[in-house]
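1. the sequence and its predicted three-dimensional model are supplied below.
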Amino acid sequence: MSKFSGFEVNKKRKLTSEVDSEQSKPWVEKYRPKKLDDVAAQDHAVTVLKKTLESANLPHMLFYGPPGTGKTSTILALTKELFGPQLVKSRVLELNASDERGISIVREKVKNFARLTVSKPTNEDLENYPCPPYKIIILDEADSMTADAQSALRRTMETYSSVTRFCLICNYITRIIDPLASRCSKFRFKSLDSSNALDRLKYVAEQESVTYEDGSLEKILDISSGDLRRAITLLQSASKLSTYNDDQKITPAQLEELAGIVPSNILNEIVTKVANKDVNDIVQYVNEFCKDGWSGASVINQLHDYYITNDSFTTDFKNKVSLILLDTDSKLTNGTNERIQLLNLLIKISQV
Ligand SMILES: Nc1ncnc2c1ncn2[C@@H]1O[C@H](COP(=O)(O)OP(=O)(O)OP(=O)(O)O)[C@@H](O)[C@H]1O
Ligand SMILES: [Mg+2]
């Protein structure tokens, strides 16, 4: 027996466990873009960032946009392409909302990292990556930082800009104080439009050998309204459920069920009852409807789409219905009783 056999077994075990962990990752992580080229739909941001890769000269950056549009993925891919897998560990500091980022951390941890001189890249890294002479500090979910903590960053950003670049990421740019925003180049990440997102979703489905009926992927995009993270997660859940189907294909109806969307036949019944203006009938229907466990918030969204996009209603009617929907939505957000609110909503619409 070879004296290395023990080592071989261990190595094999390690390799298998690496493969297993890749397999067991949620798909959103498994298909997180690894290069800038993998980032779908954010052409403007990606083109500008690629240019900076060529010159390796980066400004401070501020990424903003709705959830699941690729902000975190883009900066992680960019840092990997700038520094390579080894150097990235010593050159990048990533802090997100799960880390303490009060004013004391900004003063100590961020400032200490910012003022460090840069570590030297190996010759191999230098051959393969630009390895510019600065570090990057990523402050993900920066809109959850207090205004004081953000203020404390102002001077640090300027003082150490010769050796450090900052990348702030947020959903709501209005929550970033002006002096910080004005120090950064801004990159807006837009909700993914259906064609680009569809390509990415098709790619994931192909890699995972998922089969689906026509219109299923479009349905997923429809439900997730531009949030690719939500779309990929829905695809993964649906693929588990579809194994119980005879032909193992994902169906649009199953997707609606999974996403808690009220099926169109039920929605049609609701609007017919509202149009008939029979209060007793509406009360009875809402009671049954709530017993079935449908969510009030989802009905409001769907009713909104139905009434507003329907050309057979007058503008005046649409205005009035919008106000009623708005009122119910804000009451539901404040935690009032769903059944009573829904009843109130439908009766009010029936009286418009
Ligand atoms: N533009 C995109 N191209 C390819 N995949 C994407 C894109 N946007 C989102 N994804 C997918 O969604 C997942 C989440 O993306 P990411 O974490 O980058 O979103 P985010 O914009 O940072 O969202 P949040 O504001 O919630 O932090 C990724 O792992 C990837 O699978
Ligand atoms: Mg993010």
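-> Now that the structure is in, tell me what you want to look at. What you are looking at is a predicted structure, and each value in this text was computed from that prediction instead of being measured. Ligands and ions are numbered 1, 2, ... in the order given.
2. residues making contact with the helix or strand that contains L87?
-> Assigning secondary structure by DSSP states H and E places L87 in helix 71-91. Residues outside helix 71-91 that contact it (Cβ atoms under 8 Å, 6 or more residues apart in numbering): 32-36, 38-39, 42, 45-46, 49, 53, 56, 58, 61, 63-65, 92, 94, 118-119, 121-122, 125, 128-132, 134-136, 138, 140, 167, 169, 189. The way it works is simple: take the backbone N, C-alpha and C, and place the C-beta from them, glycine included.
3. may I see the buried residues of the helix or strand T52 falls within?
-> With elements taken from DSSP H and E, the one containing T52 is helix 43-55. If you call a residue buried by 16 or more other Cβ atoms under 10 Å, then helix 43-55 has these buried ones: 45-46, 49, 52-53.
4. go on, stretch 263-277?
-> For stretch 263-277, by 16+ other Cβ under 10 Å, it's 267, 270-271, 273-274.
5. and what of stretch 67-84?
-> Neighbour counts using 16+ other Cβ under 10 Å place 68-84 of stretch 67-84 among the buried residues.
6. returning to that earlier point: can I get the buried residues of helix 43-55 in CSV with distance to T315 and pLDDT?
-> CSV is the format used below for the buried residues of helix 43-55 (distance: Cβ to Cβ, whole Å; pLDDT from 0 to 100):
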residue, distance to T315, pLDDT
A45, 38, 86
V46, 41, 88
L49, 44, 87
T52, 48, 81
L53, 50, 78
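7. tell me the two of those that are most distant?
-> Taking Cβ to Cβ as the measure, these span a maximum distance of 12.5 Å, between A45 and L53.
8. now the stretch 251-352 of the chain against ligand 1: closest residue?
-> Using Cβ to the nearest ligand atom, A259 is the residue of the stretch 251-352 of the chain that sits closest to ligand 1, at 16.7 Å.
9. lowest-pLDDT helix or strand in the protein?
-> When the helices and strands of the chain are scored by mean pLDDT, DSSP states H and E, helix 5-24 comes last with a mean of 56.
10. in strands, which of the contacts of helix 71-91 fall?
-> Using DSSP state E, 61, 63-64, 92, 94, 135-136, 138, 167, 169 are the members of those that sit in strands.
11. the contacts of helix 71-91 also near ligand 1: which ones?
-> Restricting these to those near ligand 1 by Cβ under 6 Å from any ligand atom leaves 32-33, 39, 42, 189.
12. re earlier: show the buried residues in the contacts of helix 71-91.
-> Buried members of those, counted by 16+ other Cβ under 10 Å: 32-33, 36, 38-39, 42, 45-46, 49, 53, 58, 61, 63-65, 92, 94, 118, 121, 125, 129-132, 134-136, 138, 140, 167, 169, 189.
13. from what I see, L221 and N196 are in contact.
-> No - the criterion here is Cβ atoms under 8 Å, and L221 misses it with N196 at 10.0 Å.
14. just the C-alphas of stretch 219-228, formatted as PDB.
-> Extracted in PDB, the C-alpha atoms of stretch 219-228 (Å, rounded to 0.1, in the frame of the first residue of the first chain):
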ATOM      1  CA  LYS A 219     -44.900  33.900 -15.200                       C
ATOM      2  CA  ILE A 220     -41.900  33.700 -12.800                       C
ATOM      3  CA  LEU A 221     -40.600  37.100 -14.000                       C
ATOM      4  CA  ASP A 222     -44.100  38.600 -13.800                       C
ATOM      5  CA  ILE A 223     -44.500  37.500 -10.200                       C
ATOM      6  CA  SER A 224     -41.000  38.700  -9.100                       C
ATOM      7  CA  SER A 225     -41.300  42.100 -10.800                       C
ATOM      8  CA  GLY A 226     -37.700  42.700 -11.700                       C
ATOM      9  CA  ASP A 227     -36.100  41.000  -8.700                       C
ATOM     10  CA  LEU A 228     -33.900  38.200 -10.100                       C
END
